[in-house]
Every structure is written in C-alpha cells, then in structure tokens.
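> One predicted model, sequence on top.
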Amino acid sequence: MGEEARNVELLKASYKRWHDSKGGSVEHWLGFVSEDVRFGSIAGGAEPLGFTGPRSNREAVRSYFDGLLSEFEMIHYTVHDYVAQGDMVFVRCTTS
C-alpha cells in the first residue's frame, strides 16, 4: 500500500470514529497531529466563533476542539470524497 492509500485509510478510520463518537475522539486526532501543525477553520476566528481561529500547535488544536464541543452537538459528520496526493489528503464532507 502506498503513502497516499495509507493516509486515506487513516483518515477514513478517523472520520468514522469522529462520526460514531459524535465528537468524542479528540484524543485520537491529537495522537497523530504534528506538534507544529497549521490548523484552521473556514470561519477563521470570526465572532461568534472565536474558537475557530488559526492554531499552530497540538495544545492549541485541543482548545479548538474544546470550543467546538462546548458550542455544538454533532448530529452527523459524513465524508463524501477523499482526494490524496503525496502526503496531503483533501476531504469533502458535510456535518450537522
């Protein structure tokens, strides 16, 4: 199995776990996030979603999840497509 396929399989299992646990798998995600991660959200920290601002380390990503899970209840997280190239994977998904 090549690098791209391994990365897709890792994310498939991780997103399934995220969906099934309704957001209860933060530690799983943090387990493979690089300490020097560049993490962001489309909301970019705009109020009232201040917790969505850019993050640059693992503990800051944890604070993103803390904010997310304190503000929202997950109904579903459904991934529709995975597109992999080298060490990057793009995921198209919907959530409610």
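Arrived safely.
> any idea which helix or strand carries Val79?
Here Val79 sits within strand 77-85, counting by DSSP states H and E.
> got it, and Val8?
Going by DSSP H and E, Val8 is part of helix 3-20.
> got the angle between that helix and strand 77-85?
Between the axis of helix 3-20 and that of strand 77-85 there is an angle of 170 degrees, by axes from the mean of the first three to the mean of the last three Cα atoms, to 10 degrees.
> For helix 3-20, give me every contacting residue.
Applying Cβ atoms under 8 Å, 6 or more residues apart in numbering, the set of residues contacting helix 3-20 from outside is 1, 25, 28-29, 32, 74, 76-79, 82, 84-89, 91, 93. All C-beta atoms are positioned from the backbone trio N, CA, C, and that covers glycine.
> What subset of those residues is buried?
Ser25, Trp29, Tyr77, Val79, Tyr82, Ala84 (16 or more other Cβ atoms under 10 Å).
> Could you dump those into TSV and include distance to Val61?
Output for these, formatted as TSV (distance: Cβ to Cβ, whole Å):
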residue	distance to Val61
Ser25	13
Trp29	8
Tyr77	17
Val79	19
Tyr82	21
Ala84	22
